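*Asks:* fold the following and give me the result.
(chains A, B, C and D)
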There are 2 protein chains.
Amino acid sequence: MDLKTQTRYNARAEIVKAIAHPTRLFIVDELAGGEKCVCELTKMIGADISTVSKHLSILKNAGIVQIDKRGTQVFYQLKCPCILRFFDCVESVLKETAREHIAIVD
Amino acid sequence: MDLKTQTRYNARAEIVKAIAHPTRLFIVDELAGGEKCVCELTKMIGADISTVSKHLSILKNAGIVQIDKRGTQVFYQLKCPCILRFFDCVESVLKETAREHIAIVD
DNA sequence: ATTTTTATTGGCTATTTGGCCAAATAGCCA
DNA sequence: TGGCTATTTGGCCAAATAGCCAATAAAAAT
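*Replies:* Numbers count the residues shown, from 1 in each chain, chains lettered A, B, ... in the order given. Predicted structure coming up:
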C-alpha cells in the first residue's frame, strides 16, 4: 500500500472514528431532528457537560457537524445528513447477526 | 437516556468501531471487488500477517464479513455491501472540509 | 460591576487499542 | 510421519481514548 493510499484511508478513518462511539451516534441521531444546544444534549445523555462538549468537538473537528453560537448557547447541527443512511446499514448488520444467533439456538 | 437506548447505541457503536481503522476500511474496500484470502490482503497491506488476521477477526465479530475456509486458506467476503454506500458519504464530508479550507486561504 | 448561565479546556487516571514477535493450530503433500 | 504453508492466538508494550473534576471564558441578567 503506497503512502498516498495510506493517507487517503487515514483521512477516511478519522471521520468514521468520530462517530464510532455510542454517545456520538446518539448525538448524530438526535441532530437528525434538527439543531440542539449543548445543554439539551447533556440532559438527554446524562453525562457531565464537559464530556458531552468534548464529544461534540470531536464531531465538529471531523466536519460532521457545525455550530451556531447564539447568546450563551451553542447550537450544533448536522452538516452531512447522508450519515443517517449509514445507520440503516448498521441496523441491517445487527438484524442479520441476531437472526443467525437465533438460527443456532433453534 | 434509558438502559435500553444505551444498549442499542452500544451495539451500533461496536459495528462502527469495527470499520473505524484505516486498514479495516481498506480491507472492506478491497472485498467490495470480491473475496480475498488473508495472505492476499496481507501482501497488499504490508503489515504482519498476525496484525491483518486480527483486523479481519474484528470485522468478522462485528458481522461485517464472513469466511469460507478452503484448504489451508481462509477467504473473507463482505456480508453487507451496503457499507460501501457509506464511503461515499465519508468522501463527501472530506471534500466539503477541503473546500472550506481552500475558501479560507483564498 | 458582580453574578449567573452556558460552554470549553486542562489535568488526571483507568481502560482500550494496535502492532509486533513467538507459539500454537490446521490442512496438504511427499 | 514430517515438513510446509496459511492462519490464529497470547503476551507484551506504547499510544490513544474516555470520563470526571476543577479552572477558565464569554455573553446575559441583575
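*Asks:* what residues does chain A put near DNA strand D?
*Replies:* Proximity of chain A to DNA strand D is confined to A:17, A:20-21, A:23, A:47-48, A:50-51, A:54-55, A:58, A:69, A:71-72 under the rule Cβ under 7 Å from any atom of the strand. For glycine as for every other residue, the C-beta is placed from the backbone atoms N, C-alpha and C.
*Asks:* next step: those restricted to helices.
*Replies:* A:17, A:23, A:50-51, A:54-55, A:58 (DSSP state H).
*Asks:* list buried residues within those.
*Replies:* A:17, A:23, A:55, A:58 (16 or more other Cβ atoms under 10 Å in any protein chain shown).
*Asks:* who's in contact with the third one?
*Replies:* Contacts here follow Cβ atoms under 8 Å, 6 or more residues apart in numbering or on different chains; on that basis residue A:55 touches A:21, A:23-24, A:27.
*Asks:* switch to 6 Å and redo it
*Replies:* Residues counted as contacts of residue A:55 (Cβ atoms under 6 Å, 6 or more residues apart in numbering or on different chains) are A:23-24.
*Asks:* how about the first one?
*Replies:* For residue A:17, the set of contacting residues under the criterion of Cβ under 6 Å, 6+ apart consists of residue B:20.
*Asks:* mind checking pLDDT for it?
*Replies:* Residue A:17 is assigned 98 on the pLDDT scale.
*Asks:* for the longest helix along chain A, packing partners?
*Replies:* As assigned by DSSP H, the longest helix anywhere in chain A is helix A:83-105. Judged by 3 or more Cβ pairs under 6 Å, 6 or more residues apart in numbering or on different chains; DSSP states H and E, the packing partners of helix A:83-105 are helix B:3-19, helix B:83-105.
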